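Undergrad: Here is a sequence together with a model predicted from it:
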Amino acid sequence: MKQYKLILHWFQVVFQIEVVINEKRHIAELFQSKNKRIKVPVKCFYVNVANHVFLIDAGWSEKVVENAKKHLGFGLYFASEPVMSRDESARSQLNGEHIDCILMTHLDCDHISGIYDFPNKKIFCSREEHKYSHINRIRYGKLLKNRTFDYIDFKDDEKAIFGKSSDIFGDGSVIAYLTPTHSAGSVIYKIIEDNKYYLVVGDNGYMKESWEKGILPGVLYDSGNMLKCLKWIKDKSEDKNCLGILCAHENM
């Protein structure tokens with residue numbers, strides 16, 4: 001894949017939610033002491049394929065370095081406390097490199113925060129996710145207020161895991177699959193070149209063991225759908241043309 005480049009950006013977050021690490025379920029109370037919290041990496045992905053250059057998710061904004069509580073709001077700050085220096089932001093690591101747009105897997109704060117560092121870029125998400133974010137305001141908080149999104153144009157696809165897919169750029173290089181699992185409008189992206197591909201799965205599993213052993217992530221919209229999705233990811237991971245499964249919170 002001579003023209004395919006995927007650069008990994010990852011950060012640290014201190015979760016105060018229920019997460020699964022190595023088959024053990026860790027439950028963190030909202031106001032527990034910091035020494036009991038679990039540090040989990042947060043990643044976004046820079047992709048250059050078929051003359052399209054973009055981010056998948058955006059990680060934490062530089063605003064969390066300035067004042068994380070103000071940026072996230074009280075609830076999100078205590079649910080997912082960021083741990084990041086300014087030079088770890090996606091904008092800083094891109095070092096001025098151009099991107100066309102940002103494709104969101106979903107709109108949780110550790111994925112969406114970084115869009116504030118790219119004020120003039122188009123941000124794409126599923127219509128289902130944006131609608132769900134207005135219903136579940138506790139989960140999504142203030143970060144989406146007055147933000148404008150472009151919706152992914154999903155079409156019926158009997159071969160897609162949940163019957164909906166979208167050819168993002170119209171040339172077959174990036175296919176989006178609607179996956180109502182972790183959230184109502186979660187999206188998996190398939191990055192394709194020369195018949196080889198990566199899957200960027202967002203929070204459809206936190207690590208390799210999630211799909212290999214059917215371990216559910218701690219935050220779910222539909223557990224049955226998630227189990228179905230994990231099996232699908234596992235099947236894809238065994239495909240000779242699959243170069244890798246990339247998720248947002250796996251330790252490197």
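TA: Thanks, I have the structure now. Residues are numbered from 1 along each chain as shown.
Undergrad: List the contacts of the residue lying closest to residue 89 once chain neighbours are set aside.
TA: Nearest residue to residue 89, sequence neighbours excluded (C-beta to C-beta, 6 or more residues apart in numbering): residue 62, at 4.7 Å. Every C-beta, even on glycine, is put in place using the N, C-alpha and C of the backbone. Going by C-beta atoms under 8 Å, 6 or more residues apart in numbering, residue 62 touches 86, 89, 91-92, 116-117.
Undergrad: Show me the helices in the stretch 51-200 of the chain, by range?
TA: Remark: helices assigned in the stretch 51-200 of the chain by DSSP state H, counting those that start in this stretch are 63-72, 74-79, 90-94, 109-112, 127-135, 137-140.
Undergrad: Put together TSV for these, with distance to residue 191 on each row.
TA: Below are these laid out as TSV (distance: least, C-beta to C-beta, whole Å):
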stretch	distance to residue 191
helix 63-72	28
helix 74-79	29
helix 90-94	17
helix 109-112	17
helix 127-135	20
helix 137-140	26
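Undergrad: what's the closest of those helices to residue 153?
TA: Distance to residue 153, taken as C-beta to C-beta, is lowest for helix 127-135 among these, at 9.0 Å.
Undergrad: Tabulate the CA atom coordinates of the closest one in CSV.
TA: Extracted in CSV, the C-alpha atoms of helix 127-135 (Å, rounded to 0.1, in the frame of the first residue of the first chain):
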residue,chain,number,x,y,z
ARG,A,127,-27.7,11.6,11.6
GLU,A,128,-28.7,8.9,14.2
GLU,A,129,-25.8,9.8,16.5
HIS,A,130,-26.6,13.6,16.3
LYS,A,131,-30.2,12.9,17.1
TYR,A,132,-29.4,10.6,20.0
SER,A,133,-27.0,13.3,21.4
HIS,A,134,-30.0,15.6,21.8
ILE,A,135,-32.0,12.9,23.6
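Undergrad: got any ranges where this structure has weak pLDDT?
TA: For the chain, applying pLDDT under 70 flags the ranges 1-38, 252.
Undergrad: can you tell me which residue is nearest the centre of it?
TA: Nearest residue to the geometric centre of the chain (C-alpha atoms, centre = their mean): residue 202, 3.5 Å.
Undergrad: Next, the contact list for the nearest residue to residue 165 once chain neighbours are set aside, please.
TA: In this structure, residue 165 finds its nearest non-sequential neighbour in residue 157, 4.0 Å apart by C-beta to C-beta, 6+ apart. Residues in contact with residue 157 (C-beta under 8 Å, 6+ apart) are 163-165.
Undergrad: Between the residues you listed, which sits nearest residue 127?
TA: Distance to residue 127, by C-beta to C-beta, is smallest for residue 164 among the contacts of residue 157, at 10.6 Å.
Undergrad: surely the closest one meets residue 152?
TA: No: under the criterion of C-beta atoms under 8 Å, residue 164 makes no contact with residue 152, lying 9.3 Å away.
Undergrad: More neighbours: which of the two?
TA: Counted by other C-beta atoms under 10 Å, residue 164 and residue 152 do not tie: residue 152 has more neighbours, with 22 against 19.
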